[in-house]
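>>> what would the 3D arrangement of this be:
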Amino acid sequence: MIYPPGLPGIAFTSAVDGDMRGSPDQRRAVADHLGISADWAIADQVHGSTVLEVTSPGNHGPADGLFTAVAGVPVAVFTADCFGVAMIADGAVGVAHAGWRGVVAGVIGTLAEAMSAAGYPPQSAAAGPGIGPCCYEVGTEVAEHLAHHRGETTLGTQSVDLPGAIREQLGSLKLWQSESCTMCSPGFYSHRVDATTARMATIAWMV
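Now for the predicted structure:
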């Protein structure tokens, strides 16, 4: 489990915590450890920019961002190379699922704007582990969409810096960012490594 320093109400799970989607027992164990409900608000993630305000747990359908102002309703997204981003406001919390498509679609900014429009402008954010530019080999299509964030992998192939793009989209918002790459750091699920269907969780809740 990863706890961003100075940001209570946010946690990122790792592979040792298990797949929160596939095992109610593992989700309950994590929830008990965090002192929160095991009934989370989640979504059917579609790599887009739809953001929903939620007031109850359960699956809220196609979306890649959720936020709530209701105490006792944790919000969560699930990742295995994409990035989970959490935002904290005075009176609300939010989470976003940000792969390259979501970043290009603007899910990070859409979450911040939706929270602000609801009266909860984010004050700080945290981005969990995801695939780093060291390992994220991409083709021309992806590189062109993120032209300002091109780079090279450790093998010298074309890459993009998704963490850098996330930082840019958050602007001046205070950000804590994990430095772990899910593909080359131990202890994380990585779809690129072994096509796993397991996912880690980014969880935010009202404190």
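
>>> for the residue nearest the centre of the chain, list the residues it contacts.
For the chain, Gly84 is the residue whose C-alpha lies nearest the centre (Cα atoms, centre = their mean; 0.9 Å). By Cβ atoms under 8 Å, 6 or more residues apart in numbering, Gly84 lies in contact with 12, 77-78, 95-98, 127-128, 130, 200-202. Heads up, the C-betas are built off the backbone N, CA and C, glycines and all.

>>> in TSV, list the residues you listed along with secondary structure, distance to Val30 and pLDDT.
Formatted as TSV, the contacts of Gly84 follow (DSSP: H, G, I helix; E, B strand; the rest coil; distance: Cβ to Cβ, whole Å; pLDDT from 0 to 100):
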residue	secondary structure	distance to Val30	pLDDT
Phe12	strand	11	97
Val77	strand	14	98
Phe78	strand	12	97
Val95	strand	15	98
Ala96	strand	20	98
His97	strand	18	97
Ala98	strand	21	96
Ala127	strand	19	97
Gly128	coil	14	96
Gly130	strand	19	96
Met200	strand	11	95
Ala201	strand	7	96
Thr202	strand	12	97
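
>>> wait, which of those is closest to Tyr189?
Met200 (5.5 Å; Cβ to Cβ).

>>> tell me how far the residue nearest to that closest one when sequence neighbours are not counted lies from Ser23.
Of all residues not flanking Met200 in the chain, Thr13 sits nearest, at 4.8 Å (Cβ to Cβ, 6 or more residues apart in numbering). Note on Thr13: its distance to Ser23, by Cβ to Cβ, to the nearest Å, is 12 Å.

>>> go on, Gln123?
33 Å.

>>> can you check Leu111 too?
In terms of Cβ to Cβ, Leu111 sits 27 Å off from Ser23.

>>> helices along this protein, start to end?
24-34, 100-105, 107-117, 140-145, 162-170, 191-194 (DSSP state H).

>>> related to what we said a few turns ago, pretty sure the residue nearest to Met200 contacts Met20?
Yes. The pair Thr13 and Met20 qualifies as a contact (Cβ atoms under 8 Å) at a distance of 6.5 Å.

>>> quick check: neighbours shared by the two?
Contacts common to Thr13 and Met20, judged by Cβ under 8 Å, 6+ apart, are 30, 200-201.

>>> follow-up on the earlier one: same drill for Thr13 and Ser23, tell me which one is more crowded.
Thr13 (29 against 13; other Cβ atoms under 10 Å).

>>> so what's Gly40 up against?
Just to correct that, residue 40 is Trp rather than Gly. 27, 31, 57, 73-76, 203.

>>> now do 10 Å
When contacts are counted by Cβ atoms under 10 Å, 6 or more residues apart in numbering, Trp40 touches 20, 27, 30-31, 54, 57-59, 66, 73-77, 95, 201, 203-205.

>>> same thing with Ala105?
Ala105 touches 46-50, 64, 98-99, 145, counting by Cβ under 10 Å, 6+ apart.
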